[in-house]
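Asker: any chance you can model this:
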Amino acid sequence: MSSSSWAVELTGERFDIDDLRRLLRLPFDPWIEDIAAGAEPKPHIRHSGWDQLAIASDVVADAQRIVSRINGAARLLHSDYRPVGVSNVVRFHADGRRDFIMPAITGHFSVSLGRVRFRMDGVAGEGGVANECKPSILQNWIELSERNDLVSELFIHLERMNDWFDVYKSIEILERFSGDKRRVKKMTALDGREWDRVRQTANSFRHAPGKCAAPQNPPSLEESIAFVRSCAQLVLGESQ
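Answerer: Numbers count the residues shown, from 1 in each chain. Modelled structure (predicted):
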């Protein structure tokens, strides 16, 4: 172990954290570890890159950055995923001591009832599940976002996608990431005509009325969000 290492507590609904725990495992970055902090163990996110950091505020800032990407990427795997946030920090010293630090930040926390999510075990790529030999699809996407600014920006829009602006920005980013919007439309599993319909609708509704015409039969916002997520999975899958 280095002179110090760090962990940041995750906040959010247990339903979503349980799925992240299965997807984010050692020996790949980032991973989730349950750490005793009081009466019972709590989920914490860890990253080997934090071993080089000296102060808790820097760890929190980078944890927020990584968690934002996780939230965006996880919405590609589960449409009902609710974002998680970060909270307290744990610092591990080489001699075994632990410091528990409470930074002045606000985490995300939400409660809902009635959600049901199918879970399965398998290798990476089967439901995104990780095994001991390969990083999960979620860890692959996070690693890709570290190398590609377009993917990082895409996950930001996917995390907060609830309006036409983020729908259109995601479409633009996917086109740029692919190198040519015509190339996206030619992907075998992607409906090129639906791509144009969603794109035109988003472009129309993100502007003031009358500036850009909508198609005759525009899709709903919910339909468009679902379509963009499925397209993002296809485009990112082509890059792996």
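Asker: can you name the element that comes right after the lowest-mean-pLDDT helix or strand in the chain?
Answerer: Sorting the helices and strands of the chain by mean pLDDT, DSSP states H and E puts helix 181-185 at the bottom, at a mean of 76. Counting by DSSP states H and E, the next helix or strand C-terminal to helix 181-185 is helix 192-205.
Asker: pLDDT weak spots in the protein?
Answerer: Within the chain, the stretches with pLDDT under 70 are 1-3, 37-38, 103-132, 188, 240.
Asker: buried stuff in the longest helix seen in it?
Answerer: In terms of residue count, the longest helix belonging to the chain (DSSP state H) is helix 56-77. Going by neighbour count (16 or more other Cβ atoms under 10 Å), the buried part of helix 56-77 is 56, 59-60, 62-63, 66-77. All C-beta spots, glycine's among them, are computed from the backbone N, C-alpha and C.
Asker: quick one: contacts for V151?
Answerer: W141, L144, S145, F177, L236 (Cβ atoms under 8 Å, 6 or more residues apart in numbering).
Asker: ok, the third one - contacts?
Answerer: Put plainly, it is S145. Contacts of S145 (Cβ under 8 Å, 6+ apart): R69, A73, V151, S152, L154, F155.
Asker: report the buried residues of the host helix or strand of the third one.
Answerer: It stands for V151. Using DSSP H and E, V151 maps to helix 149-160. Within helix 149-160, the residues scored as buried using 16+ other Cβ under 10 Å are V151, S152, E153, L154, F155, I156, H157, L158, E159.
Asker: got the CA coordinates for the following helix or strand past it in CSV?
Answerer: Going down the chain from helix 149-160, the next helix or strand is helix 164-178, by DSSP H and E. Only the C-alpha atoms of helix 164-178 are listed here, as CSV (Å, rounded to 0.1, in the frame of the first residue of the first chain):
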residue,chain,number,x,y,z
TRP,A,164,-34.5,18.5,-25.8
PHE,A,165,-31.3,20.3,-25.4
ASP,A,166,-29.5,17.3,-24.0
VAL,A,167,-31.1,15.0,-26.6
TYR,A,168,-29.7,17.2,-29.4
LYS,A,169,-26.3,17.7,-27.8
SER,A,170,-26.0,13.9,-27.3
ILE,A,171,-26.8,13.4,-31.0
GLU,A,172,-24.2,16.0,-32.0
ILE,A,173,-21.6,14.3,-29.9
LEU,A,174,-22.3,10.9,-31.2
GLU,A,175,-22.0,12.2,-34.8
ARG,A,176,-18.7,13.9,-34.0
PHE,A,177,-17.4,10.8,-32.1
SER,A,178,-18.2,8.7,-35.2
